[in-house]
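K.L.:
what shape does this take:
(2 chains)
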Amino acid sequence: MGSFQTMNDFTYISKSEKQTNKLGQIISQFIGSDSLLLLRGDLGTGKTTLTKSIVNKLDSSIKVKSPTFVITHEYRSDSLIYHVDLYRIDNEIDFYDIGILELIREDSICVIEWPDKFIHLLPQSYILVDINIIDETSREFNISSKGDNHNEILTNIKSSLHK
Amino acid sequence: MLLSIDTSSKNSGVALIRKDYSIINSIEWTTEYNHTPDLLPTIDRILTESKVNIANLKGIAINIGPGQFSGLRVGVTTAKTISWSYNVPMVVSNSLEILAYSHKSSTPTIICPIINLNKIQMAWSLFRSNDGKLTKIQEPTIIPKDDLLEKITSTITKLGYMCKKSVIICEEAIENLLYFERLNTIEITNTTSSERIINLAKIGMEKLNNNEITDPTSLEPFYLRPPTINKTK
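P.N.:
Have a look, this model is predicted:
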């Protein structure tokens, strides 16, 4: 899927897991129910690690695991969070038949790993995080957004990170 | 006596109806994406309160969807299990037919039921009603929310000349109603969850009386997909 540019797109370089946690915690501060977060990156780039820091900022007692095998995890705290992995879904029929679209709602935060194949079938309002490996411990996060709600969240994340 | 079960949305219900279409009892409840813990106890409650033995049911009616992914699985599985284990004939209806049933009319009417599937998709269908009967003129179809207004406007304009009246009927969700409020030539209405569970009971009893029985072993929830998708490997 082609990428898109908004004025707010930015890049965050993390040199350690601690700095990745900082990014996750800041994202966590600004997302809320009705947020859709898409995480793109190869195996081992840290999509689940980033999800962990986002979710644990909301509730540190939640055990976040990779949903690759089970496709969807549901975490309940003050917020309802769905953690989805589309890696193993390889056609649109399965995408529709397992009810993913039902998890993207006004009353839930939805984090989707490996959204690429189905990005055009999702609501066109989201935050997209592209993760690239620089070296063993460093990561490049390219963060962009689509849709008014999410553009606003992105602005807040950006200004909070650069404080 | 027939038991109807609807777990297709957060407004769930069960009802008991007699052969003469009188309602014995109905119970509704609201659940957010968690139908399992409530359904069996509620079925037990309605049967106990009405002093009906489950083995004496003459029919079981289920709404097979479209609707909530998990809710439909829970309802359909429960209905199939009761039907198969007690040898109770099973009849089915769908969410859109259940909505349309509230507007069966003696004067010619076009009825357009709509339900919300998720943030970006809705399901709709078309019926013609006359002499108190409903005739389906369009199968349930999925449509992007952004296209619905135009599609419905053009369809009803095309069909409207045959009928004195057109009705768009929605679930309770207000957003659906707001969506259509500027179409003031068309009546826009909604149904309550208590209306819907009773509609299902009545449709079920009609189908049972007409011997339109469904095989419980092969029944699956009715999920709608966009028509244009292809299986790509």
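K.L.:
correct me, but A:Gly46 touches A:Asn132?
P.N.:
No. Using CB atoms under 8 Å, A:Gly46 is not in contact with A:Asn132, being 10.2 Å away. Yep, even glycine has a C-beta here, placed from its N, CA and C like the rest.
K.L.:
between these two, which one's more packed in?
P.N.:
Higher neighbour count among A:Gly46 and A:Asn132: A:Gly46, with 19 against 15, using other CB atoms under 10 Å in any protein chain shown.
K.L.:
before we move on, the earlier item: anything in contact with each of A:Gly46 and A:Asn132?
P.N.:
A:Arg139 (CB atoms under 8 Å, 6 or more residues apart in numbering or on different chains).
K.L.:
quick one: pLDDT of B:Ile110?
P.N.:
pLDDT for B:Ile110: 85.
K.L.:
okay, stretch B:109-126 in CSV with CA atoms only?
P.N.:
Taking C-alpha atoms only, stretch B:109-126 is exported to CSV below (Å, rounded to 0.1, in the frame of the first residue of the first chain):
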residue,chain,number,x,y,z
THR,B,109,-45.3,-0.1,0.8
ILE,B,110,-41.6,-0.4,0.0
ILE,B,111,-39.7,-1.3,3.2
CYS,B,112,-36.0,-0.8,3.5
PRO,B,113,-34.4,-2.3,6.6
ILE,B,114,-30.9,-1.2,7.5
ILE,B,115,-28.5,-2.4,10.1
ASN,B,116,-25.1,-1.1,11.2
LEU,B,117,-22.4,-3.7,10.9
ASN,B,118,-19.3,-1.8,11.9
LYS,B,119,-17.7,1.6,11.5
ILE,B,120,-17.6,1.5,7.7
GLN,B,121,-20.3,-1.0,6.6
MET,B,122,-24.0,-1.4,6.8
ALA,B,123,-26.4,-4.2,5.6
TRP,B,124,-29.6,-3.5,3.9
SER,B,125,-32.4,-5.2,2.0
LEU,B,126,-35.7,-4.4,0.4
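K.L.:
for that stretch, list every residue counted as buried.
P.N.:
B:109-119, B:121-126 (16 or more other CB atoms under 10 Å in any protein chain shown).
K.L.:
try stretch B:13-24
P.N.:
B:Gly13, B:Val14, B:Ala15, B:Leu16, B:Ile17, B:Ile24.
K.L.:
now do the strands in chain A.
P.N.:
A:10-14, A:36-40, A:72-76, A:80-85, A:109-113, A:126-133, A:139-146 (DSSP state E).
K.L.:
between those strands, which one is nearest to B:Pro221?
P.N.:
Nearest of those to B:Pro221, taken as CB to CB: strand A:72-76 at 17.7 Å.
K.L.:
returning to what we had before: now the strands of chain A in CSV, with distance to B:Val91 and mean pLDDT?
P.N.:
Converted to CSV, these look like this (distance: least, CB to CB, whole Å; pLDDT from 0 to 100):
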stretch, distance to B:Val91, mean pLDDT
strand A:10-14, 58, 95
strand A:36-40, 39, 98
strand A:72-76, 33, 94
strand A:80-85, 35, 96
strand A:109-113, 36, 97
strand A:126-133, 42, 97
strand A:139-146, 45, 96
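K.L.:
which one of the buried residues of stretch B:13-24 is nearest chain A?
P.N.:
Among these, B:Gly13 lies closest to chain A (CB to the nearest CB), at 20.1 Å.
K.L.:
any idea which element that closest one lies in?
P.N.:
In this assignment (DSSP states H and E), B:Gly13 forms part of strand B:11-17.
K.L.:
show me what that strand is packed against.
P.N.:
strand B:2-6, strand B:23-30, helix B:36-49, helix B:193-209 (3 or more CB pairs under 8 Å, 6 or more residues apart in numbering or on different chains; DSSP states H and E).
K.L.:
quick check: residues of chain A near chain B?
P.N.:
A:90-93, A:96-99, A:101-102, A:104-107, A:122-123 (CB under 8 Å from any CB of the partner chain).
K.L.:
pick out the residue of chain B closest to chain A.
P.N.:
For chain B, CB to the nearest CB, closest residue to chain A: B:Phe69, 3.0 Å.
K.L.:
I figured that residue hits B:Phe222, correct?
P.N.:
No. Between B:Phe69 and B:Phe222 there is no contact under CB under 8 Å: 11.5 Å.
K.L.:
gap between B:Thr77 and B:Leu39?
P.N.:
Using CB to CB, to the nearest Å, one gets 10 Å for the distance from B:Thr77 to B:Leu39.
K.L.:
wait, A:Asn21
P.N.:
42 Å.
K.L.:
pick out whichever of those two has more residues nearby.
P.N.:
B:Leu39 (21 against 18).
K.L.:
check contacts around the more buried one.
P.N.:
Here B:Leu39 is in contact with B:Ile5, B:Thr7, B:Ser12, B:Val14, B:Val74, B:Gly75, B:Thr78 (CB under 8 Å, 6+ apart).
K.L.:
contact partners for the third one?
P.N.:
Spelled out, it's B:Ser12. B:Asp6, B:Glu28, B:Trp29, B:Thr30, B:Thr31, B:His35, B:Asp38, B:Leu39, B:Thr42, B:Gly71, B:Gly75, B:Ser193.
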